[in-house]
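Peer 1: I'll drop the sequence and a predicted model, then ask my questions.
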Amino acid sequence: MWAKNNPAKFWTPGCTLRIAFLNGTQEFKDATIAAANNWLPHINLKFEFVEGEVGDIRILSEYGTFSSFIGTDALLQSDGPTMRLWPHPPDRARYFAANVMHEFGHMLGAEHEQTNPTANIPWDMPAIYEQHDLTADPEEDNYQASVTRQRLHEWYFDRGNPDESLYTAYDRTSIMHYRISQSWTIGDFQLFINLDLSEQDKTFMSNAYPHPACE
Ligand SMILES: [Zn+2]
């Protein structure tokens, strides 16, 4: 797992984050809270889930999207959602939960694991270009139907600068890793979606949000 450290976007350990649901069904809220709470045993933060528009984090239930601002970047947004979660039916509950843990990982400050400063994925870049619709207008790149090359580089190829990052060794089991199709790599490398927090995810976040040492 890794996070940018220039500046760090971590919240202050010991704080309570107020997390507001802007909309959504009770089932959506319950499933989101249950998945997000998987982080709590590993961090010195509290989550206070509320209804309405007032919160450090504001969650929008919206079809088609999972996204979140990174860490305290959420505070730069004076209104509107800071996290978007795509509700899924009960038979997709584990997939939904994995995505909620991933977005809460961003909310806690983490970046994508495939861009870990020590990642060494054998990308087949021409194949990836070929398999994406690269006709997006850079001004209107909405990362849905089509993407720009720049977006692909941000998502997959541009690794963090080790001098400006906090990181543990590249971890293909991280909840922050994208799924990787074998046709995007040279050789056999592929990766299915990770469904749980990895041991390194837990260790990294417990170091980012430490409990005070005993006197
Ligand atoms: Zn992500």
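Peer 2: Alright, I've got the coordinates.

Peer 1: where in the protein is pLDDT low?
Peer 2: The chain contains residues with pLDDT under 70 at 136-146.

Peer 1: strands of that one, residue ranges please.
Peer 2: Under the criterion DSSP state E, strands of the chain are mapped to 2-4, 16-21, 46-51, 57-61, 67-68, 83-85, 165-167.

Peer 1: okay, now the closest residue to residue 19 other than its chain neighbours: neighbour count?
Peer 2: Excluding the flanking residues, the one nearest residue 19 by CB to CB, 6 or more residues apart in numbering is residue 57, at 4.4 Å. To be clear about C-beta, it is placed using only N, CA and C from the backbone, and glycine gets the same treatment. Around residue 57 there are 24 other residues, counting by other CB atoms under 10 Å.

Peer 1: can I get the strands of the chain in JSON lines including distance to residue 156?
Peer 2: As requested, the strands of the chain are exported to JSON lines (distance: least, CB to CB, whole Å):
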{"stretch": "strand 2-4", "distance to residue 156": "15"}
{"stretch": "strand 16-21", "distance to residue 156": "29"}
{"stretch": "strand 46-51", "distance to residue 156": "31"}
{"stretch": "strand 57-61", "distance to residue 156": "26"}
{"stretch": "strand 67-68", "distance to residue 156": "17"}
{"stretch": "strand 83-85", "distance to residue 156": "21"}
{"stretch": "strand 165-167", "distance to residue 156": "17"}
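
Peer 1: tell me which of those sits nearest to residue 179.
Peer 2: Residue 179 sits nearest to strand 67-68 of all these, at 16.0 Å, using CB to CB.

Peer 1: contacting residues for residue 186?
Peer 2: Applying CB atoms under 8 Å, 6 or more residues apart in numbering, we find residue 186 in contact with 122-124.

Peer 1: just the helices in the chain please.
Peer 2: Using DSSP state H, the helices of the chain run over 26-36, 93-107, 125-130, 149-152, 199-208.

Peer 1: can you give me how far the third one is from the chain middle?
Peer 2: Here the centre of helix 125-130 is set off from its chain's centre by 24 Å, with CA atoms, centre = their mean, to the nearest Å.

Peer 1: what is it packed up against?
Peer 2: Here helix 125-130 touches helix 149-152, going by 3 or more CB pairs under 8 Å, 6 or more residues apart in numbering; DSSP states H and E.
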